[in-house]
Each structure stands twice: as C-alpha cells, then as structure tokens.
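Chemist: Provide a 3D model corresponding to the input given below.
(one chain, ligands or ions: 1)
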Amino acid sequence: MTTGRGRIATDTVVCAAGPWSRAVGAMAGVDLPVEPLRRQIAVTEPVPDLPPDLPMTIDFASSFYFHTEGPGLLVGMSDPDETPGFATDTHDRWIPRLYEAMERRAPALLDLRRTGGWAGLYEISPDHNALIGEAGSCSRFLYATGFSGHGFLQGPAVGEVVRDLYLGRVPFVDISPLSVDRFAADAARPEVNLV
Ligand SMILES: Cc1cc2nc3c(=O)[nH]c(=O)nc-3n(C[C@H](O)[C@H](O)[C@H](O)COP(=O)(O)OP(=O)(O)OC[C@H]3O[C@@H](n4cnc5c(N)ncnc54)[C@H](O)[C@@H]3O)c2cc1C
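Modeler: Numbers count the residues shown, from 1 in each chain. The predicted structure is shown next:
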C-alpha cells in the first residue's frame, strides 16, 4: 500500500476510514460509496435534577433526540438542507427546525440556554446501513465503514466481526447482507429509522 508516509508492505488492509473511506478504497481499486455529511449537535446549560439514568430519547418522526451530556443535555437533529462535503464549521441555520421539533415533542427544553455545540461528519452509505466485508476484487482488503451516523454504538460488535474476518473465522453474525456488493446486485437495505 502506498501512503502519504511511504510504502507499507502488508498482506491485509482494513479500511475503517469513516467519511474518508471512498478515497482509501480507491487506493486499492475498491469502490466504497460513502459520503461525508456534516452533522451538528447543541449542548445546554446544566439541568437540575436530571435523572441519572435518562436514556437517549429519539423522536423518530423528526429525528430530534437528546441525552445527558455532563450536567446538561445534548440535543441533535438531522438537517435536510445539509449537502455532502467535508465542512465541519458550525452554523445556526438548523436551529429553527430543531426548536420547532422541541416545541412539539419536549417544550420544557426550550427554556434551557444553549451553551455550545459542535459539528462532525456522518459517513453516509446509499441505504444508510453499514458496509462490512471483504472485497472480492483484490486480495485481503477488508472494510467496515458507512455507518451513516451510528458507528459508535455498533463499534464493539463490528470490532469482533473485523477481527474474525482478518483471522479467516466465520463471524458470530451473518454480515453478508452488509457487503458493498449489495448495491451492484440491487439488494440495498434501506434503513427506516434515520437519525
Ligand atoms: C454530531 C454527531 C453525533 C453522533 N452521534 C452518534 C451517536 O449518538 N451514536 C453513534 O453510534 N454514532 C454517532 N455518531 C456517528 C459516529 O461518530 C460515527 O459513526 C463513528 O465515529 C464512525 O467511526 P469510524 O471509526 O468508522 O470512523 P471515524 O471515527 O470517522 O474514524 C475514521 C478514521 O480514519 C482516519 N483516516 C482517514 N483517512 C485515512 C487515511 N488515508 N489513512 C489513515 N487513516 C485515515 C481518520 O483520521 C479517522 O481517525 C455521531 C456523529 C456525529 C458527527
């Protein structure tokens, strides 16, 4: 593999490059259709008496969600106006839509002061499900990417699966439906619960 830091000889490559996976796949001639998409969150001032076990709560109708973040709350929502790209600067254009959803679903949250926030990149696949497998077109190119914004929660299980693929073992779950080949075979698995 030729990298920015020189040539590295290896019998196996694992692409876990998130939003950058398409470029890494291209180095090996493997098309990984993953697009970067900015996603922002906001955090609030401390909220007195928050239940310590407050679960992550999602309104699937709008994609508005919140969970505890330190002494306050983290709130997020998808922004349909966002277009693919590597920009991670923050802006407030998504806030009016967020406040509309809050007003409808959890109006008490509107009283909380926003104290910060940040933007990062989702790694979007065409059907919003992960790409996990081994490329057929070249020898020992493994990939685990395209989690479409849900890679943190899937990480522990995906780690075990990738370990098994590397060792040539049968993974503990059938990952064949997550092969990137599903797009060429017209067998995409559209995710229903988009957040
Ligand atoms: C605002 C926001 C909120 C989120 N909330 C959640 C959530 O609540 N739950 C959840 O499960 N997920 C959430 N996610 C999504 C989650 O963060 C991602 O799905 C997850 O980080 C993907 O992990 P990854 O290891 O596949 O990729 P990444 O974490 O993106 O890591 C990819 C790595 O590859 C490296 N890399 C890129 N190119 C190269 C190269 N050429 N050579 C070597 N290294 C390279 C990068 O430097 C990076 O370190 C959220 C994302 C955002 C932006």
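
Chemist: name whatever forms a beta bridge with the residue nearest to Gly85 when sequence neighbours are not counted.
Modeler: Computed as Cβ to Cβ, 6 or more residues apart in numbering, the closest residue to Gly85 that is not its neighbour in sequence is Pro36, at 6.3 Å. (Each C-beta comes from the backbone N, C-alpha and C, glycine too.) Beta-bridge pairing for Pro36 (DSSP bridges): Glu123.

Chemist: Pro36 and Gly120 touch, don't they?
Modeler: No - using Cβ atoms under 8 Å, Pro36 is not in contact with Gly120; the gap is 9.8 Å.

Chemist: still on that earlier bit, what sits against the residue nearest to Gly85?
Modeler: For Pro36, the contacting residues are Pro19, Trp20, Pro84, Gly85, Phe86, Leu121, Tyr122, Glu123, Ile124, by Cβ atoms under 8 Å, 6 or more residues apart in numbering.

Chemist: surely Leu112 meets Pro46?
Modeler: No - shown here, Leu112 and Pro46 do not form a contact pair, counting by Cβ under 8 Å, at 9.2 Å.

Chemist: shared neighbours of those two, anything?
Modeler: With Cβ under 8 Å, 6+ apart, Leu112 and Pro46 have common neighbours Gly72.

Chemist: could you check which of the two is surrounded by more residues?
Modeler: Using other Cβ atoms under 10 Å, the more surrounded residue of Leu112 and Pro46 is Leu112, with 18 against 12.

Chemist: for that one, grab phi and psi.
Modeler: As for Leu112, its main-chain torsions (degrees, to the nearest 10) stand at phi -80, psi 140.

Chemist: now check the longest helix along the chain, is it near the ligand?
Modeler: Secondary structure of the chain per DSSP state H: the longest helix is helix 151-167. Yes - Helix 151-167 comes into contact with the ligand (Cβ under 6 Å from any ligand atom), by way of Gly151, Phe152, Leu153.

Chemist: in that helix, what's buried?
Modeler: For helix 151-167, the neighbour count (16 or more other Cβ atoms under 10 Å) marks Gly151, Val158, Val161, Val162, Leu165 as buried.

Chemist: nearest to the ligand among those?
Modeler: Distances from the ligand to the buried residues of helix 151-167, taken as Cβ to the nearest ligand atom, are shortest for Gly151 (2.5 Å).

Chemist: quick check: Leu37 vs the ligand, distance?
Modeler: As judged by Cβ to the nearest ligand atom, to the nearest Å, Leu37 and the ligand stand 9 Å apart.

Chemist: following element in sequence after the lowest-mean-pLDDT helix or strand in the chain, please.
Modeler: When the helices and strands of the chain are scored by mean pLDDT, DSSP states H and E, strand 2-3 comes last with a mean of 77. Going down the chain from strand 2-3, the next helix or strand is strand 6-7, by DSSP states H and E.

Chemist: noted, bye for now.
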